[in-house]
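Trainee: My questions concern the predicted model and sequence given below.
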Amino acid sequence: AATAADDDDAAGDAAPRTPPPAPRPREDPLERRIEFNFRNPLNNKGHAYGQYEIFKRARTVGEFVKLSGKPASALDAEIRRGRAKYVDATPRTSGDAAPRAPLAA
């Protein structure tokens, strides 16, 4: 069963179809930039102090994972405690998601 739209296409009167937009490339979450407090807020006699001294040099989530030996999700705890922050907008994970503003210091 033909429709009026089919008749229009057949007659060549229909406007040309535009292709869908190309998908945005996804950013690698491990490349997201971070920044730690330079001054170590932990007790300088504890194990955690030494660990912080090592991973506070990380400038990306991937470097944090490599230096700390912890999963990227462990960075969330450092951010919640105010010891670290993201220095760029949130990577987009879907075509329509808008970036969030960086976390305040």
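Mentor: Done, it's in. Numbering: from 1, shown residues only.
Trainee: does Phe36 have beta-bridge partners, and which?
Mentor: Note on Phe36: beta-bridge partners by DSSP bridges are Ala84.
Trainee: give the contact list for it.
Mentor: By CB atoms under 8 Å, 6 or more residues apart in numbering, Phe36 lies in contact with Tyr52, Phe55, Lys56, Arg57, Ala58, Glu78, Arg83, Ala84. In short, each C-beta sits where N, CA and C put it, glycine included.
Trainee: In helices, which of those residues fall?
Mentor: The members of the contacts of Phe36 that map onto helices under DSSP state H are Tyr52, Phe55, Glu78.
Trainee: From those residues, list just the buried residues.
Mentor: Using 16 or more other CB atoms under 10 Å as the burial test, the ones in helices among the contacts of Phe36 include Tyr52, Phe55, Glu78 as buried.
Trainee: out of those, who's nearest Thr18?
Mentor: Set against Thr18, the nearest of those by CB to CB is Glu78 (45.7 Å).
Trainee: Give me the pLDDT value at the closest one.
Mentor: At Glu78, the pLDDT value in this model is 93.
Trainee: Grab the nearest non-local neighbour of it.
Mentor: In space, and not counting its chain neighbours, Glu78 is closest to Ala84: 4.2 Å by CB to CB, 6 or more residues apart in numbering.
Trainee: ranges for the helices of this protein?
Mentor: In the chain, the helices defined using DSSP H lie at 4-11, 47-55, 61-68, 74-80.
Trainee: TSV for the ones you listed, including distance to Phe38?
Mentor: Listed next are the helices of the chain as TSV, based on distance: least, CB to CB, whole Å:
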stretch	distance to Phe38
helix 4-11	65
helix 47-55	11
helix 61-68	15
helix 74-80	14
